[in-house]
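Chemist: Build the 3D model from these lines:
(4 chains)
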Protein chains: 2
Amino acid sequence: MSFHEPLNGGGVELAEAGERLSLGVAARLSRYLQVLTQAKKMGKDTISSQELADYTHVNSTQIRRDLSGFGKFGKRGVGYNVDSLVSQIRKILRTSGQHNIALFGAGHLGKAIASSDIFADHGFRVVAIFDTDASKVGEPVGDKSDLSVRSYEDLDKVVSEEDIVVGVLAVPNEAAQSVADDLVEAGVKIIFNYSEALVQVPPDVTVHTSSPAVDLLYALYFYLT
Amino acid sequence: MSFHEPLNGGGVELAEAGERLSLGVAARLSRYLQVLTQAKKMGKDTISSQELADYTHVNSTQIRRDLSGFGKFGKRGVGYNVDSLVSQIRKILRTSGQHNIALFGAGHLGKAIASSDIFADHGFRVVAIFDTDASKVGEPVGDKSDLSVRSYEDLDKVVSEEDIVVGVLAVPNEAAQSVADDLVEAGVKIIFNYSEALVQVPPDVTVHTSSPAVDLLYALYFYLT
DNA sequence: TAGATTGTTAATCGATTAACAATC
DNA sequence: TAGATTGTTAATCGATTAACAATC
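Modeler: As a prediction, the model looks like this:
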């Protein structure tokens, strides 16, 4: 059964149906959330579907359609209230809470991630950073937190004690697979891979590989043609 | 006219038609390229559409379909030759050449990018790194190159002399818009934004904002449900 | 040969878009 | 009120998938 059918029937709200969102809807809602978070920082109170479209490159009709599936969040002639839309989308995505992440690799990239707001803004907290280099253990990392580099041997203990749901790999390509294996062993189900390595994991584990060069290739194609 | 029509007619090759690829096809081809590049590094000679599907999360039928639109690149019972597929896709995307990029910000993130192979593997070369901090100017950056931090005042000169096609922003959120403005002024049409700031540019300029947290939110949704 | 995997078809599903009445 | 923007429909287009003959 398509999840669009109830819509045709009238005002049935899908959020209550408890059905899983389609991959596409979940991905787009996440993007709206990021733009809304930034818009709020910039002091915007309301935002139109057209403005959201400009920033996300998603068609404005598509955005209104995505949102109207869950309720009437907007005001005609005005747009959407930024604060309330943020909390509605968080509710839909069920990601309102705090989620703990562990970072692997205390090189330039690891330090950049630890110092960034990019995860914190969305409820992700870096609660541990690991490095295999013994000389780095104990070194403080990040601007504001009390984070310091921990020994890689503590991985298992930290994952269970700190309730780690995501492991972020900021390690050299050669090390990526073995850290991923250890994370899987420790029970982590989501791995975010900033290395270029192709990482293999069991089917119940998700790996996201960051790919700035892919996006660049893509942008370049449309620039060249 | 849909560009699929010639396919139905027989063996017409689209690459020769010179039509622009659809957004989706271009994006997927770029992803295949990234996986192929890594597979090659790992010493693989051939790869099946199923293996590509495992790494890209694109359906294997879709992959075969995407590729067969441009020619018969595979061998039944064997798969695709990695080397030849890489060069075929590069041809299709017209990104076989070298493209120069300029990096802004010589903090942890800028240094991480400059030291990474991620751009180099796809023909992008970081030819300049800028910082507004005068004390950083002249400092060498990156492992293997002769790159050193340049003064931000040289932006215009470098863009024209070095034929910069992409500007990469690894600067604080507050600085992102003003660097983007200066890049637009200098004639750069592709901007890659690693800050969280929402950057506004004229319609003929493309901004890609990197969004690891968005991908995480998305992954988390499917983990939680 | 037997097994594997491509190339291709056909059917279905979701995304995209234009258009516009409703309404703030 | 007049202008703007949502919510929604309907039509079209591209993506997805299963299935399988072709063939390496």
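Chemist: how about the helix or strand harbouring residue A:51: buried residues?
Modeler: Following DSSP states H and E, the helix or strand that holds residue A:51 is helix A:49-56. Across helix A:49-56, burial judged by 16 or more other CB atoms under 10 Å in any protein chain shown covers A:49, A:51, A:52, A:53, A:55, A:56. All C-beta spots, glycine's among them, are computed from the backbone N, C-alpha and C.
Chemist: now for those residues, which pair is the farthest apart?
Modeler: Across the buried residues of helix A:49-56, no pair lies farther apart than A:49 and A:55, at 11.2 Å, counting by CB to CB.
Chemist: Report pLDDT for residue A:225.
Modeler: Per-residue confidence (pLDDT) for residue A:225: 72.
Chemist: and the direction of the longest helix seen in chain A versus that of helix A:49-56, what angle?
Modeler: In chain A, taking DSSP state H as the definition, the longest helix is helix A:23-41. Taking axes from the mean of the first three to the mean of the last three CA atoms, to 10 degrees, one finds helix A:23-41 and helix A:49-56 inclined to each other by 100 degrees.
Chemist: How far away from the center of its chain is the helix or strand just after helix A:23-41?
Modeler: The C-terminal neighbour of helix A:23-41 among helices and strands, as given by DSSP H and E, is strand A:46-47. Distance, stretch centre to chain centre, for strand A:46-47: 22 Å (CA atoms, centre = their mean, to the nearest Å).
Chemist: Stretch A:63-75 now?
Modeler: The chain centroid and the centroid of stretch A:63-75 are separated by 22 Å, computed with CA atoms, centre = their mean.
Chemist: for stretch A:108-127, same thing?
Modeler: Taking CA atoms, centre = their mean, one finds the center of stretch A:108-127 at 11 Å from the center of the full chain.
Chemist: Please identify the buried residues of that stretch?
Modeler: When neighbours are counted by 16+ other CB under 10 Å, the buried residues of stretch A:108-127 are found to be A:108-116, A:118-119, A:121-124, A:126-127.
Chemist: Chain B next: which of those residues are close?
Modeler: A:108, A:109, A:111, A:112, A:115, A:116, A:118, A:119, A:121, A:122, A:124 (CB under 8 Å from any CB of the partner chain).
Chemist: In which helix or strand does residue A:149 reside?
Modeler: Using DSSP H and E, residue A:149 sits within strand A:149-151.
Chemist: Show residues contacting that strand.
Modeler: Outside strand A:149-151, the residues that touch it by CB atoms under 8 Å, 6 or more residues apart in numbering or on different chains are A:106, A:128, A:129, A:130, A:131, A:134, A:136, A:137, A:138, A:139, A:141, A:158.
Chemist: if you set the cut-off to 10 Å instead, what comes out?
Modeler: A:102-103, A:105-106, A:110-111, A:114, A:128-141, A:157-158 (CB atoms under 10 Å, 6 or more residues apart in numbering or on different chains).
Chemist: cool, stretch A:136-145 as well?
Modeler: Under CB under 10 Å, 6+ apart, the answer for stretch A:136-145 is A:103, A:105-107, A:110-117, A:120, A:125-127, A:129-131, A:133, A:146-154, B:108.
Chemist: Which of those residues fall within strands?
Modeler: Per DSSP state E, strands hold the following members of those: A:103, A:125, A:126, A:127, A:129, A:130, A:131, A:149, A:150, A:151.
Chemist: what about the helices in chain A?
Modeler: Using DSSP H, the helices of chain A run over A:5-9, A:14-17, A:23-41, A:49-56, A:60-68, A:82-93, A:108-115, A:155-161, A:173-186, A:212-224.
Chemist: Tell me the buried residues in the third one?
Modeler: Counting neighbours by 16+ other CB under 10 Å, one finds that the buried residues in helix A:23-41 are A:25-40.
Chemist: just those that are near DNA strand C?
Modeler: The subset of these within reach of DNA strand C, by CB under 7 Å from any atom of the strand, is residue A:25.
Chemist: who in chain A is up against DNA strand C?
Modeler: A:2-4, A:22-25, A:58-59, A:61-62, A:65, A:75-78.
Chemist: among those residues, who's most crowded?
Modeler: residue A:25 (20 neighbours; other CB atoms under 10 Å in any protein chain shown).
Chemist: Contact partners for residue A:79?
Modeler: Contacts of residue A:79 by CB under 10 Å, 6+ apart are A:44, A:45, A:46, A:47, A:48, A:49, A:50, A:51, A:52, A:73, A:85.
Chemist: Could you check what's spatially nearest to the third one, not counting adjacent residues?
Modeler: On the basis of CB to CB, 6 or more residues apart in numbering or on different chains, the spatially nearest residue to residue A:46 that is not a chain neighbour turns out to be residue A:79, at 4.4 Å.
Chemist: Contacts only, for the closest residue in space to residue A:202 that isn't next to it in sequence.
Modeler: Of all residues not flanking residue A:202 in the chain, residue A:184 sits nearest, at 6.3 Å (CB to CB, 6+ apart). Residue A:184 sits next to A:167, A:191, A:199, A:200, A:201, A:202, A:204, A:205, A:207 when contact means CB under 10 Å, 6+ apart.
Chemist: List the residues that contact residue A:195.
Modeler: A:104-105, A:109, A:169-177, A:179-180, A:209-210, B:38, B:116-118.
Chemist: One more: residue A:221?
Modeler: Under the criterion of CB under 10 Å, 6+ apart, the contact list for residue A:221 reads B:20, B:21, B:23, B:25, B:26, B:27, B:29, B:30, B:92, B:93, B:94, B:95.
Chemist: and if you look at residue A:124?
Modeler: Contacts of residue A:124 (CB under 10 Å, 6+ apart): A:95, A:98-101, A:118, A:165-166, A:168, A:192, B:212-213, B:216-217, B:220.
Chemist: is it true that residue A:129 touches residue A:105?
Modeler: Yes: counting by CB atoms under 10 Å, residue A:105 is a contact partner of residue A:129 at 8.0 Å.
Chemist: shared neighbours of the two, anything?
Modeler: Joint contacts of residue A:129 and residue A:105 (CB under 10 Å, 6+ apart) are A:111, A:113, A:136, A:149, A:168, A:170.
Chemist: The last one: neighbour count?
Modeler: Other residues within reach of residue A:170, judged by other CB under 10 Å, total 27.
Chemist: got a list of what residue A:208 touches?
Modeler: A:166, A:168, A:190-194, A:199, B:57, B:212, B:215-216, B:218-219.
Chemist: any idea which of the residues you listed is closest to DNA strand D?
Modeler: Nearest to DNA strand D out of the contacts of residue A:208 is residue B:57 (CB to the nearest atom of the strand; 8.9 Å).
Chemist: Let me see the contact set for the closest one.
Modeler: A:23, A:206, A:207, A:208, A:209, B:31.
Chemist: possible to save the residues you listed as CSV with distance to DNA strand D?
Modeler: Output for the contacts of residue B:57, formatted as CSV (distance: CB to the nearest atom of the strand, whole Å):
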residue, distance to DNA strand D
A:23, 8
A:206, 16
A:207, 18
A:208, 16
A:209, 17
B:31, 11
